[in-house]
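Peer 1: can you look at this prediction? I've put the sequence above it.
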Amino acid sequence: MSREEPDGPEPEAAAGESPFVAELGEDEPPGEKPDRPRAGPALGPRSSLLFASLDAAVEGLQQRVQDVLGRLNSGREEAHTELSGVRGSLLLKVSELAEQLEERLFHRYGFHNGLIQERLQALGEVLERVEEVQAELRRICCTVEAAYQELCLQPEA
């Protein structure tokens, strides 16, 4: 059977119409036939069978597309559920690790606070000794000054 191509340009679709099959939309449930004008008396029985065969093929394709979309959506839902589970377990693990880190930090802080306390105490002892040495140096300076004044005030004989 040969097919003839029209000589002129193809008719353009009106605004809002798609060049694709309209049955793929959600306006019409799958399996229902669209309201198309039926072949008029000019078409023979062979053409009617051809159109019926095409309608059946289109319905089969629509059903396959719906099945694929259903599997795709269920796969996405499973992935989302799995991702939510992974997120929950990660949040739990991160929370546990943060608590462990906090405990270690507090232990370190306590250890370092002890070291600082020991060093501050040692520094306090050193500062007390420095004050004692300063006081002794003042007494020595006063004694040297008094001795110098006595030597300087005595007449030379």
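Peer 2: Looks like it arrived, so ask away. Values in this document were obtained by computation on a predicted structure and should not be read as measured data. Residues are numbered from 1 along each chain as shown.

Peer 1: quick one, strands of this protein?
Peer 2: When secondary structure is read from DSSP state E, the chain shows no strands.

Peer 1: where do the helices sit along it?
Peer 2: Assigned by DSSP state H, the helices in the chain fall at 45-153.

Peer 1: where in it is pLDDT low?
Peer 2: Low-confidence segments of the chain, defined by pLDDT under 70: 1-43, 155-157.

Peer 1: run the last query once more with 50
Peer 2: Along the chain, segments meeting pLDDT under 50 span 1-30, 39-40.

Peer 1: tally of neighbours for A52?
Peer 2: Using other CB atoms under 10 Å, the number of residues around A52 comes to 11. (C-beta placed from N, C-alpha, C; glycine too.)

Peer 1: next: H107.
Peer 2: H107 has 10 neighbouring residues, counting by other CB under 10 Å.

Peer 1: again with the one 10 residues further on
Peer 2: Per other CB under 10 Å, the neighbour tally for Q117 reads 10.

Peer 1: check R64 too.
Peer 2: Counted with other CB under 10 Å, R64 comes out at 10.

Peer 1: what's the distance between it and Q149?
Peer 2: The gap separating R64 from Q149 is 121 Å, by CB to CB, to the nearest Å.

Peer 1: what about T143, neighbour count?
Peer 2: T143 sits with 10 neighbouring residues when counted by other CB under 10 Å.

Peer 1: and what of A98?
Peer 2: A98: 10 surrounding residues under other CB under 10 Å.

Peer 1: which residues does it contact?
Peer 2: Under the criterion of CB atoms under 8 Å, 6 or more residues apart in numbering, A98 has no neighbours.

Peer 1: how much space between it and R104?
Peer 2: Going from A98 to R104 by CB to CB gives 11 Å.

Peer 1: now R119
Peer 2: R119 is 23 Å from R104, where distance means CB to CB.

Peer 1: try A146
Peer 2: A146 is 63 Å from R104, where distance means CB to CB.

Peer 1: repeat that for L97.
Peer 2: Looking at L97 against R104, where the rule is CB to CB, the gap reads 10 Å.

Peer 1: check I116 too.
Peer 2: 18 Å.

Peer 1: one more: S47?
Peer 2: 84 Å.

Peer 1: nearest the geometric middle of this structure, what residue?
Peer 2: R87 (10.0 Å; CA atoms, centre = their mean).

Peer 1: tell me the spacing between that one and R108.
Peer 2: Applying CB to CB, the value for R87 to R108 is 31 Å.
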